[in-house]
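A.B. asks: model this:
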Amino acid sequence: MSGLVLRVWIRLAASMTLEGDMKTRYATASATLLLIVALVAPAPAAAQATATASRWESAMQAFDADAASRPKGAIVLTGSSSFTRWRTMEADLAPLTVIPRGFGGSTMADVLEHIDRLVKPYSPRAVVIYEGDNDTNDGIAPMTIASQLKQIIAKIHAALPDTRVYLLSVKPSLARVKVWKEAQETTELFKQIAASDSRLYFIDVATPFLKADGTVMDDVFIADGLHLNDKGNSIWAPAIKAALMRIEAQYESASVH
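C.D. replies: Coordinates of the predicted model:
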């Protein structure tokens, strides 16, 4: 019981008329208290939604504040920490004009929740999405992740029908070997989604990190075994750039303004 509600209950109980027995007065005060709690306490679902929204609010506000300085018609890259920690993204992907919109620790559900703020202000000609890494590690089913991705794509195309969307595979890592099977299943669903629409493209960032025997390279990560080191980024960046350049280079000068 919160301090505020407790104080209200005490005052109610004290203010009850002395007529009648204690049991009656207590029951009346308690009933009134329950009504107050029902009125002032947020519903569990609403409280949870507020907590979820506030988790990324500071990141979204930072993006909002930066939006005016960014060009229209560029390429937005959004997703989890593999994008957030890619500090040289803009230089690595030049001459393509890109807008970094990664927020570390995010999942596909987070991108879905904030997709309007992540994409609409920039009217991008293309959006690149990297999610599924944290999702599979959190035990989210591949089908659920794929369903959320479909909703993201639908939202993008509802506002920007011609925008191309690039879907990155889930990369392997030493830290998440235990969920590599689920990550591969998720990637396969991404491939299927990409094949369903001519505006969608799949980028394989997993194979470049696998050794000949199918195991993940052990010298491309920092100490946490998850995030890429300089060598890892020297593999990751060219793989993404090559895939984007095949389509996006022809639109660069005409689209960005």
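
A.B. asks: make it CA atoms for all contacts and neighbour counts henceforth
C.D. replies: OK.

A.B. asks: mind giving me the domain ranges of this protein?
C.D. replies: Domain assignment for the chain by automatic domain parsing gives 3-41, 50-255.

A.B. asks: and those, which is most packed in?
C.D. replies: With neighbours taken as mean count of other C-alpha atoms under 10 Å, those reach their highest mean count in domain 50-255, at a mean of 18.

A.B. asks: what about it, average pLDDT?
C.D. replies: Throughout domain 50-255, pLDDT has a mean value of 96.

A.B. asks: let's number from 57 now, not from 1
C.D. replies: Noted, 57 is the first residue going forward, which turns the last one into domain 106-311.

A.B. asks: how far does it sit from the chain's center?
C.D. replies: 9 Å (C-alpha atoms, centre = their mean, to the nearest Å).

A.B. asks: can you give me the strands in the stretch 107-256 of the chain?
C.D. replies: Here the stretch 107-256 of the chain has its strands, by DSSP state E, counting those that start in this stretch, at 131-135, 154-158, 182-186, 220-224, 256-259.

A.B. asks: as CSV, those with distance to I278 would be great.
C.D. replies: Converted to CSV, those look like this (distance: least, C-alpha to C-alpha, whole Å):
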stretch, distance to I278
strand 131-135, 19
strand 154-158, 19
strand 182-186, 19
strand 220-224, 21
strand 256-259, 23
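
A.B. asks: between the ones you listed, which gets nearest to A123?
C.D. replies: Closest to A123 of the strands of the stretch 107-256 of the chain, according to C-alpha to C-alpha: strand 154-158, at 9.4 Å.

A.B. asks: got the angle between the closest one and strand 131-135?
C.D. replies: Counting by axes from the mean of the first three to the mean of the last three C-alpha atoms, to 10 degrees, strand 154-158 lies at 10 degrees to strand 131-135.
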